[in-house]
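Participant: sequence plus predicted model, see below.
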Number of protein chains: 2
Amino acid sequence: MPSQPKLTASDHNGVSVIQSQAHATSAPTASSSLPSAVTGLQQVPQLVPVNPASGGGKAVPPSKMKKQPADKDSEEYRQRRERNNLAVKKSRMRSKQKAQDTQQRVNELKEENERLEAKIKLLSKELSVLKDLFLEHAHNLADNVQPPGGAEGSSPASSNNNNNNNNNNNNSNGQ
Amino acid sequence: MPSQPKLTASDHNGVSVIQSQAHATSAPTASSSLPSAVTGLQQVPQLVPVNPASGGGKAVPPSKMKKQPADKDSEEYRQRRERNNLAVKKSRMRSKQKAQDTQQRVNELKEENERLEAKIKLLSKELSVLKDLFLEHAHNLADNVQPPGGAEGSSPASSNNNNNNNNNNNNSNGQ
DNA sequence: ATAGATTGCGCAATAT
DNA sequence: TATATTGCGCAATCTA
């Protein structure tokens, strides 16, 4: 489940900083060449107020901590970013793969569907033929009536061979 | 069609710069609050060599132009970014929607499939019943043989009623 | 050549 | 705490 962001609009500060390829220990997959167009923009040390609420006696409860902007220089920061970037790539790959699989599934199902429809058509035809045969036979029976036992009522001959031919319109179009 | 990137690895310089909310004429959708953590990083004017190949007589063919780093301050730049951001959002929304639709399609097809299979089962059963009826009837015929016209060859009676009962094992398992 | 559409990527906030 | 997801902006391409 995607899990939507509670209710508060996702409002991360739209910041982002030069990513020098300096200690680029990453790129295990396709090493991005990073030719030379990189502008040598340097980072600002980014001094952070040691603690936004140190004046009051509240002792700053751990909750509501504003999360220091993370020193971009910190090695640990870089490592975290690095790992996250990896995770992101992985996640996206999976996502893409899944989408692809789903599409494929659609194609497979479509094919299967066609096969099934064809089969239905065939079966229907067979049924139809058999039913016709039945009808024809019923007619024959009605034509040359010949009671198995001794001669009896001597059917009135000709027409009116309307036996229980229920038409069998059993189309069973269940839907 | 997505059109894959020729062959050259996509190696944009992994650069990116502080996005100050200064002239934030944007945010038409959900206004990003941008609390206070924004560092006031200023941009370097980024002087660009007027033209990398002005010495030769080649007159610099339009192709191969290195594309100036685009002054981040330029109003036009901001507008372009703004528009692109919008386009990106749109594109991603569509993409997501499509994926969702595809998933839905899968579900629909699965259902349809089940319906078809059920129908096949039904038809098969019907066919089976009719065929059985046929067989039974054939037996009856064989039992009390009674040539329609005058008495003739007088069939040898009993057994061997092996008419063209081809069993009709026409399962048509076409696959 | 220009504008919109896609795509890969990194960041940060969240979710798990 | 670590990884997984997700929204977002940037820049390079692709398309029209």
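Facilitator: Nice, I can see it. Here the structure is a predicted model, which is why all the values come from computation and not from measurement. Residues are numbered from 1 along each chain as shown, chains lettered A, B, ... in the order given.
Participant: stretch A:96-105 near DNA strand D at all?
Facilitator: No. Stretch A:96-105 lies out of reach of DNA strand D by Cβ under 7 Å from any atom of the strand, never closer than 9.0 Å. In this view, the C-beta of every residue, glycine as well, is placed from N, C-alpha and C.
Participant: which positions in that stretch come out as buried?
Facilitator: By 16 or more other Cβ atoms under 10 Å in any protein chain shown, the buried positions in stretch A:96-105 come out as A:Ala99, A:Thr102, A:Gln103, A:Arg105.
Participant: thought B:Thr102 was touching A:Ala99, still the case?
Facilitator: Yes. A:Ala99 lies in contact with B:Thr102 (Cβ atoms under 8 Å); the separation is 7.1 Å.
Participant: sorry, back to before: just give me the closest of the buried residues of stretch A:96-105 to B:Arg92.
Facilitator: A:Ala99 (12.8 Å; Cβ to Cβ).
Participant: tell me the secondary structure at the closest one.
Facilitator: helix (DSSP: H, G, I helix; E, B strand; the rest coil).
Participant: so who does it touch?
Facilitator: B:Ala99, B:Thr102 (Cβ atoms under 8 Å, 6 or more residues apart in numbering or on different chains).
Participant: apply 6 Å and report the result again.
Facilitator: Counting by Cβ atoms under 6 Å, 6 or more residues apart in numbering or on different chains, A:Ala99 touches B:Ala99.
Participant: ok, the one 4 residues further on next?
Facilitator: When the contact criterion is Cβ under 6 Å, 6+ apart, the partners of A:Gln103 are B:Thr102.
Participant: hmm, back to that, mind checking which of the buried residues of stretch A:96-105 are in helices?
Facilitator: A:Ala99, A:Thr102, A:Gln103, A:Arg105 (DSSP state H).
Participant: report the separation between the last one and B:Lys90.
Facilitator: The gap separating A:Arg105 from B:Lys90 is 27 Å, by Cβ to Cβ, to the nearest Å.
Participant: if you count neighbours, what's buried in stretch A:101-117?
Facilitator: A:Thr102, A:Gln103, A:Arg105, A:Val106, A:Leu109, A:Glu112, A:Asn113, A:Leu116.
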